[in-house]
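Q: dropping a prediction and its sequence here:
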Amino acid sequence: MAETAADILIDTIHDWGVEVVFGLPGDGINGIMEALRKRQDTVRFVQVRHEEAAAFMACGYAKFTGRLGVCLATSGPGGIHLLNGLYDAKLDNQPVLAITGLAYHDLIDTYTQQDVQLDRLFMDVAKYNARVMGPTHVENVADLACRTALAYHGVAHVTIPTDVQEMEATRKERSKRNVAGHTSDVRARAARLPSEEDLGRAAEVLNAGGKVAILAGGGALGATDALERAAELLAAPIVKPLLGKASVPDDSPYTTGAIGLLGTRPSQEALEECDTLLMVGTSFPYIEFYPRPGQARGVQIELDPMRIGLRYPVEVGLVGDSRRTLEALLPLLQRKRERAFLEKAQQGMREWNELMLERATRRDTPMKPQVIAHELGQRLASDAIVTCDSGTVATWWARHIPARRGQMHSLSGNLATMANGFPYAIAAQLAYPNRQTVAFVGDGGFSMLMAEFATCVKYRLPVKVFIVKNNTLGQIKWEQMVFLGNPEYGCELQPMDFAAFARACGGQGFTIEDPRQCGAIVEQALATPGPVIVAAVVDPFEPPLPAKITLEQARKFATSLVRGEPNREKIALTVLGDRVRELI
């Protein structure tokens, strides 16, 4: 039975299906920690080493389960640390509840210790943001916070003064309008479908198109079969922003893989040449990769009506769930007899895959980063969960680790933050203890929150961490050179022995330097019980080249070399060697 305001809070979120809370204790949340201690048989508290990781874990948990992710932090600095992970959830539309503490209620705004008004601080990141005023306020606020996060696919925040947490729930301080039991924990799911009129208009546009392309994002992850049926009818290649990597498997005959700077040439050509665009569950932010306005007619399927026409001037917006909307649209589509556009994309993918395989099977040293991605991708379980970090590592994940039917893949999409990949994997392993879970990360991103490997050891989570170790902030380095024409600066990282670190934490560690041994070590690491780190030492001068290099990018790159790029000779030789291999 609930005895305190904190008891009511934990009971309420459990009623909403919450079984895991990620966080770090602190004196500003002692009341909540006690409520969790008393309910540890129903709500599991997972102690992290940094609150940022807790927020990332909550976001990752939501991404992989579709359920509410919850993170907990103390007042002041603890709550502040949550923000990066919460913005990751906000920008990728994930349901996350953040719970924080506040100073004593009658000392707030008096410069007391850790006197940070977290409800004010969280105003931008949260769709619902409330400060609890007393024990009889908790249930109302917590119900609404959970409902808002789930219904609107975003962040909700509840903050409670530390003394209010411990106030007795039996105090008869309820106002006359706050009738006991007037709120509900029933989750209402909207079965949205567009009108028949809009479906008909969309079908007219798509049926009239001669070169139709489909852009399928994170909102299309549950619509695989419907996407492939639509692609077959429309003779349309399926282009995938990174969040949509698993929307259709990479061995599907209809997909051309990723789009963007780390995408494929056939995907870029499909969007450059199409005359009709069907967008499904995506707000892919890089507008320069879309068809030129006026080039293609557009239809967009989107759950959030505010995002219709956000990136491309579509003619028809279909507001609804991606899978159900596609299923309603399919009977109205006519199978195209002319298949040349799709066939060209398919031939382009065969050539692209041959090029990627050539790059990924090189045996020269230093080892190319494509090699570790390829060797790992070939050995993943059919139901593996794969997380990735931001940086050059995302290029190798996108191009060389195929998403297979039954697998789940994700990374930080619109925020593109570093350090998310490993916490995502921890959350995924907790949610699915019997599935293989792999984090594919860079040395820069991993080292930001590497203490969470001790969390894996503590909770006996068999997460396998593969670190692409090039001792540099690679993405930033190449951006400085290719986009600005500047020599790299401030990007070099002090080398670390990650395998030794893994063993120091109580896990297992491996290092790979020889590409001829890469596959065998990857296999050994995946078969090793418990948490494992594999550090793959790779060539820091291997560039994550765009699928198609523009003249401006080439000019800026050349300028950076002329202006004194410190590694210009090695970089020039590496790039030249890659280009020669492509030509022969």
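A: That came through, no problem.
Q: tell me the SS of residue 256?
A: Three states are possible here, and by DSSP: H, G, I helix; E, B strand; the rest coil the one that applies to residue 256 is strand.
Q: can you name every helix or strand that the lengthiest helix in the chain contacts?
A: In terms of residue count, the longest helix belonging to the chain (DSSP state H) is helix 340-360. Based on contacts counted as 3 or more Cβ pairs under 8 Å, 6 or more residues apart in numbering; DSSP states H and E, the elements that helix 340-360 packs against are strand 255-258, helix 265-273, helix 369-377, helix 392-400, helix 568-583. For every residue, glycine as well, the C-beta is placed using N, CA and C.
Q: how far off centre is that helix?
A: Between the centre of helix 340-360 and the centre of its host chain there is 26 Å, according to Cα atoms, centre = their mean, to the nearest Å.
Q: got a list of contacts for it?
A: Residues lying outside helix 340-360 but in contact with it, judged by Cβ atoms under 8 Å, 6 or more residues apart in numbering, are 210-212, 231, 235-237, 253-257, 264-266, 269-270, 273-274, 368, 370-371, 373-374, 399-400, 578, 581-582.
Q: pull out the buried residues from it.
A: 341-342, 344-346, 348-349, 352-353, 356, 359-360 (16 or more other Cβ atoms under 10 Å).
Q: tell me the mean pLDDT over it?
A: If you average the pLDDT over helix 340-360, you get 97.
Q: from the buried residues of helix 340-360, pick the one nearest residue 38.
A: Within the buried residues of helix 340-360, the smallest distance to residue 38 is 52.4 Å, found for residue 360 (Cβ to Cβ).
Q: and the nearest residue to the closest one once chain neighbours are set aside, how many neighbours?
A: Ranked by Cβ to Cβ, 6 or more residues apart in numbering and with sequence neighbours excluded, the top spatial neighbour of residue 360 is residue 374, at 3.4 Å. Residue 374 is flanked by 26 other residues according to other Cβ atoms under 10 Å.
Q: also residue 252?
A: If you count neighbours by other Cβ under 10 Å, residue 252 ends up with 17.
Q: what do you get for the one 10 residues further on?
A: Counted by other Cβ under 10 Å, the residues lying close to residue 262 total 19.
Q: relative to residue 544, how far out is the closest residue to it other than its chain neighbours?
A: Closest residue to residue 262 apart from its sequence neighbours, by Cβ to Cβ, 6+ apart: residue 395 at 4.0 Å. For residue 395, the distance to residue 544 equals 4 Å [Cβ to Cβ, to the nearest Å].
Q: what is in contact with these two at once?
A: Common contact partners of residue 395 and residue 544 (Cβ under 8 Å, 6+ apart): 261-262.
Q: more crowded one of these two?
A: residue 395 (27 against 20).
Q: pLDDT at that one, what is it?
A: For residue 395, pLDDT reads 95.
Q: picking that back up, so who does the residue nearest to residue 360 touch?
A: Contact analysis of residue 374 by Cβ under 8 Å, 6+ apart lists 356-357, 360-361, 400-401.
Q: can you redo those residues as TSV with distance to residue 297?
A: As requested, these are arranged in TSV below (distance: Cβ to Cβ, whole Å):
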residue	distance to residue 297
356	32
357	36
360	38
361	42
400	34
401	34
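Q: out of these, who's nearest residue 242?
A: Distances from those to residue 242 were compared by Cβ to Cβ; the smallest belongs to residue 401, at 11.9 Å.
Q: list the contacts for the closest residue to residue 494 other than its chain neighbours?
A: Nearest in space to residue 494, with sequence neighbours left out and distances taken as Cβ to Cβ, 6+ apart, is residue 471 at 7.7 Å. For residue 471, the set of contacting residues under the criterion of Cβ under 8 Å, 6+ apart consists of 443, 492-495, 540.
Q: out of the residues you listed, which two sit at the greatest distance?
A: Spanning the widest gap among the contacts of residue 471 are 494 and 540, at 13.3 Å by Cβ to Cβ.
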